[in-house]
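Peer 1: I'll drop the sequence and a predicted model, then ask my questions.
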Number of protein chains: 2
Amino acid sequence: MCMAKSIQKELNRENLLNQGVALFIEQGYHGTGLQEILDAVSVPKGSFYNYFGSKEDFGAEVIQHYIDPFIVRLSTHLSKADTDALNAIRRYFDELIVELENNQFKGGCLLGNLMGEIGSTNDVCQQSLQSAIRRYRDLLQSGLAKAQQQGTVRSDKSSEAMADLLINAWQGALLRMQIEKSSAPVKQCCQDLLEDYFKA
Amino acid sequence: MCMAKSIQKELNRENLLNQGVALFIEQGYHGTGLQEILDAVSVPKGSFYNYFGSKEDFGAEVIQHYIDPFIVRLSTHLSKADTDALNAIRRYFDELIVELENNQFKGGCLLGNLMGEIGSTNDVCQQSLQSAIRRYRDLLQSGLAKAQQQGTVRSDKSSEAMADLLINAWQGALLRMQIEKSSAPVKQCCQDLLEDYFKA
DNA sequence: ATTAATAATATGACCGGTCGTTTATTTATT
DNA sequence: AATAAATAAACGACCGGTCATATTATTAAT
């Protein structure tokens, strides 16, 4: 039984994190109660603290759990041999836009939403947000640097500055998308930067 | 006495809105209780609903109350006769950056924070955010159009698209500012767009 | 001008519900 | 039998919102 139990425990943890991602994105950190998360994955309330130290700690883990797949996906696109780096970045964002449309523009990006809601007040989550953003930004920057070497992206601007601008404009566009219930802002964002400003 | 009373009432309303702006910026919508706002301006709990229909309605008014001064300020800069429109926009954002630094990067922009937190879930506030953003965007767009006529900003891109990009990148940079506790992101944002991408 | 009756407003106590967290007890493992 | 893990119940605090009462303003009658 001990084997099956510890597998179940890991499964519960994973379910809690997944549900935390989904609910925090749509309803925010303070707008989502632990009860709601626990109910959704059928874990008793008293058990929560067997998995996580506090809601704060849980939030910090949810943030990392959220960004991981994005890093994997962008990384995968960049390491594909059949296209250049700029095209990989283009395709990555195009994929995201399709998913946002399928989601009917609800929620946007967990990092952006939480940076605004608790970025200034919750130290634990702030640290987690900082590291998540940095990991993501560094990867995007390396992709842009590769594109510079390939000659598809201008080289008179640093890849760091362009990565930051792309991330920031993308985040802002996601916010606009939520209140305008349209993918126009995110599409325009990619168009302006990837098809014009960054072009060599 | 009737005169003094109604003046006091307007004053209370104004104080509540001001305090709402301050607390919603720093702690978010769900992170701020009505009690906290009421205590700060010494208005009894029961009186809140003499001023506003609900927390939702209050939030929607806070949003408009927040953006108004920004519109006035940008408008003032743009109508100054001593400089061109691009310079007016530059100076406007430079002023904002100074204030953000004085605030030690806490809070950022109420519109950005609330779009992420409740933009998808609270219809009343979503409407208010939509109109606030539009008012602000239209003004910025008219400023950029003026700069195009003056020949300081490129004309092969529409002023609408540039206004959106500037607002979105600025919002994203404000989010980054909050977690990195630095004005570097917002400075870089203005530098990249106003001093390079938008240049004629 | 003063008073009495009426309407409007202001407010503190309180509502049911939910928050994140703790703890005493039960259940399972060694 | 001893130890560890899981959990239901309960904790105090706070949430947004309501309501009976108290206070104040307005009107009408004297």
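Peer 2: Received, thanks. Numbers count the residues shown, from 1 in each chain, chains lettered A, B, ... in the order given.
Peer 1: for DNA strand C, give me its nearest residue in chain A.
Peer 2: residue A:33 (2.1 Å; CB to the nearest atom of the strand). C-betas here are computed from N, CA, C, even on glycine.
Peer 1: number of nearby residues for that residue?
Peer 2: 12 (other CB atoms under 10 Å in any protein chain shown).
Peer 1: residue contacts, it?
Peer 2: With contacts taken as CB atoms under 8 Å, 6 or more residues apart in numbering or on different chains, residue A:33 has no neighbouring residues.
Peer 1: which phi and psi does it have?
Peer 2: phi -90, psi 150 (degrees, to the nearest 10).
Peer 1: ok, it to residue A:48 distance?
Peer 2: Distance, residue A:33 to residue A:48, by CB to CB, to the nearest Å: 11 Å.
Peer 1: any chance you could map the helices in chain A?
Peer 2: If DSSP state H is used as the criterion, the helices of chain A fall at A:2-27, A:34-41, A:48-51, A:55-79, A:85-102, A:110-118, A:123-150, A:159-180, A:184-192.
Peer 1: any chance of those in a markdown table, with mean pLDDT too?
Peer 2: Output for the helices of chain A, formatted as a markdown table (pLDDT from 0 to 100):
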| stretch | mean pLDDT |
| --- | --- |
| helix A:2-27 | 88 |
| helix A:34-41 | 98 |
| helix A:48-51 | 97 |
| helix A:55-79 | 98 |
| helix A:85-102 | 98 |
| helix A:110-118 | 98 |
| helix A:123-150 | 98 |
| helix A:159-180 | 98 |
| helix A:184-192 | 98 |
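Peer 1: packed most tightly, which of those helices would that be?
Peer 2: Here the criterion is mean neighbour count by mean count of other CB atoms under 10 Å in any protein chain shown, and of the helices of chain A the winner is helix A:110-118, at a mean of 28.
Peer 1: give me the residue at the spatial middle of chain A.
Peer 2: In chain A, the C-alpha nearest the mean C-alpha coordinate belongs to residue A:67, at 4.3 Å (CA atoms, centre = their mean).
Peer 1: near DNA strand C, which residues of chain A are found?
Peer 2: Taking CB under 7 Å from any atom of the strand as the contact definition, chain A meets DNA strand C at A:1-2, A:5, A:32-36, A:45-46, A:48-49, A:54-56.
Peer 1: of all these, which comes closest to DNA strand D?
Peer 2: DNA strand D lies nearest to residue A:46 out of the residues of chain A next to DNA strand C, by CB to the nearest atom of the strand, at 2.4 Å.
Peer 1: and the helices of chain A as CSV, adding distance to residue B:12?
Peer 2: Below are these laid out as CSV (distance: least, CB to CB, whole Å):
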stretch, distance to residue B:12
helix A:2-27, 31
helix A:34-41, 35
helix A:48-51, 42
helix A:55-79, 35
helix A:85-102, 42
helix A:110-118, 28
helix A:123-150, 34
helix A:159-180, 30
helix A:184-192, 38
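Peer 1: relative to residue B:15, which of the ones you listed is closest?
Peer 2: Proximity to residue B:15 (CB to CB) singles out helix A:110-118 among those, at 24.6 Å.
Peer 1: rewinding a little: of the residues of chain A next to DNA strand C, which is the nearest to residue A:87?
Peer 2: residue A:32 (37.7 Å).
Peer 1: would you mind measuring from the residue nearest to residue A:70 when sequence neighbours are not counted to residue A:73?
Peer 2: Leaving aside its chain neighbours, residue A:70 sits nearest to residue A:136 (6.5 Å; criterion: CB to CB, 6 or more residues apart in numbering or on different chains). Residue A:136 sits 11 Å away from residue A:73, going by CB to CB.
Peer 1: what does residue A:156 give?
Peer 2: Applying CB to CB to residue A:156 and residue A:73 gives a distance of 29 Å.
Peer 1: before we move on, what about residue A:65?
Peer 2: Residue A:65 sits at a distance of 15 Å from residue A:73 (criterion: CB to CB).
Peer 1: now residue A:186
Peer 2: Note on residue A:186: its distance to residue A:73, by CB to CB, is 16 Å.
Peer 1: list just the nearest of the residues of chain A next to DNA strand C to residue A:178.
Peer 2: Of all those, residue A:32 has the smallest distance to residue A:178: 16.4 Å, by CB to CB.
Peer 1: skipping adjacent residues, who's closest to that closest one in space?
Peer 2: Leaving aside its chain neighbours, residue A:32 sits nearest to residue A:23 (4.4 Å; criterion: CB to CB, 6+ apart).
Peer 1: who's in contact with that neighbour?
Peer 2: For residue A:23, the contact set (CB under 8 Å, 6+ apart) comprises A:32, A:36, A:37, A:40.
Peer 1: could the residues you listed go into JSON lines alongside distance to residue B:96?
Peer 2: Formatted as JSON lines, the contacts of residue A:23 follow (distance: CB to CB, whole Å):
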{"residue": "A:32", "distance to residue B:96": "32"}
{"residue": "A:36", "distance to residue B:96": "37"}
{"residue": "A:37", "distance to residue B:96": "37"}
{"residue": "A:40", "distance to residue B:96": "41"}
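Peer 1: and which of those is nearest residue A:120?
Peer 2: Of all the contacts of residue A:23, residue A:120 sits closest to residue A:32, with 19.0 Å by CB to CB.
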